[in-house]
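Q: next comes the sequence, and after it the predicted model I'd like to discuss.
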Amino acid sequence: ETTDTPTIEFYSKIDCPNCDKARSYLEDKGLAFDEIVIEEDTVAADEMQEEFGHTNVPTIKIDETSLSGYSEKMLDRVLKNSGFDIGTEGEAEQ
C-alpha cells in the first residue's frame with residue numbers, strides 16, 4: 001500500500017531571486033511540485049490572496065502547511081514533518 005505523497009504548490013513570480021533559490025532547492029531534492037506563476041495566472045493570485053492573506057513569493061504550500069519566503073531550514077523541517085525523505089546532507093546523524 002502506497003501512501004499518497006503530499007502535494008507541493010509553489011507560488012512564484014518572474015525575476016524573483018528567492019523563488020529561484022526555492023525552485024532549485026526543490027529540484028535538487030528531486031521533489032515534484034506545481035509551480036504557479038502569479039503574474040501569469042491572476043486567478044491563482046486571487047486564490048492565493050484568499051487562502052494565505054497575502055501574495056508574497058515564494059510561498060510554498062506542502063500538504064496543509066504553507067511557508068512564505070525562502071528558508072532552507074524551514075523547508076527542510078516542513079518537508080520532513082510531511083513525510084518527505086529529503087536526506088540530511090551536511091548533517092552527520094548517527
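A: Arrived safely, thanks for sending. Numbering: from 1, shown residues only.

Q: at the geometric centre of this protein, which residue do we find?
A: residue 60 (3.1 Å; Cα atoms, centre = their mean).

Q: pLDDT wise, what is it at?
A: pLDDT, residue 60: 97.

Q: what sits against it?
A: Taking Cβ atoms under 8 Å, 6 or more residues apart in numbering, we find residue 60 in contact with 8, 9, 10, 11, 22, 26, 33, 66, 67, 75. (Each C-beta comes from the backbone N, C-alpha and C, glycine too.)

Q: name the nearest of those residues relative to residue 39.
A: residue 11 (10.7 Å; Cβ to Cβ).

Q: quick one: the closest one from residue 32, how far?
A: With distances taken as Cβ to Cβ, to the nearest Å, residue 11 is found 16 Å from residue 32.

Q: which one's more surrounded, those two?
A: Higher neighbour count among residue 11 and residue 32: residue 11, with 27 against 9, using other Cβ atoms under 10 Å.

Q: wait, a helix at the more buried one?
A: No. Using DSSP: H, G, I helix; E, B strand; the rest coil, the secondary structure at residue 11 is strand, not a helix.

Q: now it, nearest residue through space, not along the chain?
A: Excluding the flanking residues, the one nearest residue 11 by Cβ to Cβ, 6 or more residues apart in numbering is residue 59, at 4.3 Å.
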